[in-house]
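Visitor: Curious how this folds, go ahead:
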Amino acid sequence: MANQPTYGAYPRDEQLRGLSGMLAFLTTGMVVAAIYFASEVLVPFALAVLLGFLLMPAVRLLRRLRLGRVTAVGVTVIVAFLAIFAFGAIVAQELSQLDPELPSYEHNIEAKLDSLPKALPIARVSAAMRQLTAAVKRSEAGGAPTASGTGGGGAGAQAAKPLPVEIEQPVPTPLQIAQAVIGPLLQPLATAGLVVVLVVFILLEREELRDRLLRLFGGGDLHRSTEALNEAAQRVSRYLLSQLAVNAVEGVLLGIGLAVIGIPFAALWAILAILLRFIPYLGIVIAALFPLALALAVAPGWSLVLWTILLFIGVETVVANLVEPRLYAGTTGLSSVAVIVAAVFWTWLWGPVGLLLSTPLTACLLVLGRYIPQLRVLDVLLGSEPVLTAEETFYQRLLAGDPEEATDQAEEFARERSIDEFAEEVALPVLARAQADSDSGILSAERREVVREGFAQIIENLGDDWSIETGAATAGEGPETGSIVCVAGRNELDEAAALLLASLLRARGRSVAVIAANGTVMSGGEPRALAEARLVYLSLVSTASPARARHIVRRLRRRAPGARIVTAFWGAGADSFPPEALALTAADAIVTTLAGAIAEIEQQPGGPATPALAAGGEAIRAHAG
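Guide: Numbering: from 1, shown residues only. Got it, this is the predicted structure:
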């Protein structure tokens, strides 16, 4: 480190990491700016790709029916856009019928507003608006005052009366009429036409485009690049088709329900619900506002409004909890938070179109994060899969001093498998990891104590569940009650492992004493527990050295002369020990797993013989024989 080149006050590697972080930040900012300012080009392209993913399964189906590529694409595109135009025609027809009937609903709206308590803000605002409207009408009916300010007649008054002036607008030409009508529609029509052309091109040249993308971004890793493209296409296609099916189910249910309860133009609101529900979370809320406003207008009471609210809540609850999980649970792989953040981000960039495209675009970014190492951060931030293993999560909860959440994790693990497997596959590896951190100086003695206390609290919380899970035997079976002692070897992590083993033995009906590294009885015993012990476990996470364990074993021999001593090198693995390891420890047996430690009970006099021990004890015991 002394010869490492430096620049200023920081080592070179730290400066390079800071430079790479700044470069990544600037690159991200430039990409976001490019997406924002190039929206007029990128939005039609994104819509076309989205429709291409949606229509691709239909094209493949027609190709399987022996239709040519051009024919299959043409039929698919024509049918798709006819369906879109049919939806638009139905909406336009329903709106044209709705407009003439709106004035007839004014009386019902005013009656409902009058029935509201005067203290409500909406009632006060409504009263103020009605007063303002009445004042405007009176002012228009009264006419303008005379210029003289008097009501007298005569020639003077007539002379002072202002002359009316009327400005006549010239008759617009056909070109001006066409410009006024068609002008605002030019940009949407141009965008729609561009989208249609791009969709046809994407469907016709799918393989060619894929090959070019592979050559451009794949480099030499065709396998990984092909998997990324296939996964992105499958995720987006499955999501869109599943979403369309779910939306159609909900739209049909809402349309039927709205027609039954008496909401006019139920088909219109059903179609809007199908379309708007593509917008995450907010779509169904927006779709509910229109029939709610109509329910407020068409009926004199509040019952229709209440029925409309209950209908939307009931249908959305059923669809979200019963239909959606079956049709597209996990199709995008995005977390719930990622969906919301993505909706906000893309709406900020592209407006309402960005809100519609947010989920498919973010799903593609997630796939890129999974296959491109430089974009791994996207997978971590956006994905729904856990980013920490069960071992890492449990360790983090212990370091954070949160045994309650760690207990919840253990219970959830046990529901899927068992608490014994949790202790073996999660808890012991956590202690081994903590010891490695302690050896490297990362974990202090105070933090080791936090880990030990966390284990003690978790074991206490899981006491009853552990006994039920393992099917506890009757106390007193096997060795005599009080004849098993678990002794911690050197530090707090050894104590935590001893507590863990003792809890497993107690769940099997054994009475076990636990003694700390300093000789203090931690639980389940008296000061003379060692002198009366018949089986002693020496718990060691802090070392895997047989020579270091030998000194502790010799002390235990003096304090427990009639006991069988088993040295437990937790997590070390039976292959870590040479054949002479057992003699070096001066112990009667060596185990490296909880299963091997529990199997030692059966080797006691009066217990059933076990010719082969569990993993971690078999190889060592064979040498001992």
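
Visitor: so how many other residues sit close to residue 63?
Guide: 14 (other C-beta atoms under 10 Å). Any C-beta I mention is one placed from the backbone N, CA and C, and that applies to glycine too.

Visitor: Repeat that for residue 30.
Guide: Around residue 30 there are 10 residues (other C-beta under 10 Å).

Visitor: Next: the one 5 residues further on.
Guide: Around residue 35 there are 17 other residues, counting by other C-beta under 10 Å.

Visitor: For it, which non-adjacent residue is closest in space?
Guide: residue 349 (5.8 Å; C-beta to C-beta, 6 or more residues apart in numbering).

Visitor: I'd assumed residue 39 was in contact with the one you found.
Guide: Yes: the pair residue 349 / residue 39 is scored as a contact, 6.8 Å apart, by C-beta atoms under 8 Å.

Visitor: So for the two, which sits in the more crowded spot?
Guide: Applying other C-beta under 10 Å to residue 349 and residue 39 shows that residue 349 carries more neighbours, namely 20 against 16.

Visitor: contacting residues for that one?
Guide: 32, 35-36, 39 (C-beta atoms under 8 Å, 6 or more residues apart in numbering).

Visitor: Relative to residue 31, how far out is it?
Guide: Distance from residue 349 to residue 31, counting by C-beta to C-beta, to the nearest Å: 11 Å.

Visitor: do the same with residue 370
Guide: 19 Å.

Visitor: Which one's more surrounded, these two?
Guide: A count of neighbours by other C-beta under 10 Å puts residue 370 above the other of residue 370 and residue 31, at 20 against 10.

Visitor: The closest residue to the more buried one other than its chain neighbours - how many residues pack around it?
Guide: Spatially, and ignoring its direct neighbours in sequence, residue 370 is nearest to residue 379 (4.8 Å; C-beta to C-beta, 6+ apart). Using other C-beta under 10 Å, residue 379 is surrounded by 19 other residues.

Visitor: and if you look at residue 198?
Guide: 18.

Visitor: ok, it - contacts?
Guide: By C-beta under 8 Å, 6+ apart, residue 198 lies in contact with 44-45, 48-49.

Visitor: farthest pair in those residues?
Guide: 44 and 49 (9.8 Å; C-beta to C-beta).

Visitor: Where does the prediction get shaky in the stretch 1-150 of the chain?
Guide: 1-18, 21, 98-150 (pLDDT under 70).

Visitor: scratch that, the chain is what I was asking about
Guide: In the chain (pLDDT under 70), the answer is 1-18, 21, 98-169, 171-185, 217-221, 325-331, 463-482, 521-527, 574-575, 602-625.

Visitor: How is it partitioned into domains?
Guide: Domain assignment for the chain by automatic domain parsing gives 16-116+189-204, 242-382, 391-624.

Visitor: Please state the offset of stretch 562-579 from the chain centre?
Guide: Taking the mean of its C-alpha atoms, stretch 562-579 sits 43 Å from the chain's own mean (C-alpha atoms, centre = their mean, to the nearest Å).

Visitor: Quick check: end-to-end length of that stretch?
Guide: End-to-end distance for stretch 562-579: 25 Å, by C-alpha to C-alpha, to the nearest Å.

Visitor: Equivalent analysis for stretch 560-571, please.
Guide: Span of stretch 560-571 from end to end, C-alpha to C-alpha: 26 Å.

Visitor: quick revisit: how about the residue nearest to residue 370, what does it touch?
Guide: Contacts of residue 379 by C-beta under 8 Å, 6+ apart are 366, 369-370.

Visitor: quick one: buried residues of the helix or strand where it lies?
Guide: Secondary structure from DSSP states H and E places residue 379 in helix 376-382. Using 16 or more other C-beta atoms under 10 Å as the burial criterion, the residues of helix 376-382 that qualify are 378-379, 382.

Visitor: same thing with stretch 299-313?
Guide: Buried, per 16+ other C-beta under 10 Å, within stretch 299-313: 299, 304-305, 307-308, 311-312.

Visitor: Can you lay out those residues as CSV showing distance to residue 267 and secondary structure?
Guide: What follows is the buried residues of stretch 299-313, written out as CSV (distance: C-beta to C-beta, whole Å; DSSP: H, G, I helix; E, B strand; the rest coil):
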residue, distance to residue 267, secondary structure
299, 19, coil
304, 18, helix
305, 20, helix
307, 18, helix
308, 16, helix
311, 15, helix
312, 16, helix
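
Visitor: Quick check: the residue nearest to residue 370 vs residue 225, distance?
Guide: 16 Å.

Visitor: which stretch of helix or strand covers the residue nearest to residue 248 when sequence neighbours are not counted?
Guide: Closest residue to residue 248 apart from its sequence neighbours, by C-beta to C-beta, 6+ apart: residue 274 at 6.0 Å. Using DSSP H and E, residue 274 sits within helix 266-276.

Visitor: again, but for residue 568
Guide: strand 564-569.

Visitor: What helices and strands are in contact with that strand?
Guide: strand 535-540, helix 546-559, strand 589-591 (3 or more C-beta pairs under 8 Å, 6 or more residues apart in numbering; DSSP states H and E).

Visitor: one step back: how much space separates the residue nearest to residue 370 from residue 363?
Guide: Residue 379 sits 12 Å away from residue 363, going by C-beta to C-beta.

Visitor: residues shared between the contacts of those two?
Guide: Residues touching both residue 379 and residue 363 (C-beta under 8 Å, 6+ apart): none.

Visitor: where along the stretch 301-450 of the chain do the helices fall?
Guide: With helices called from DSSP state H, counting those that start in this stretch, the stretch 301-450 of the chain shows them at 303-318, 324-328, 336-350, 352-371, 376-382, 390-399, 403-416, 419-422, 428-439, 445-461.
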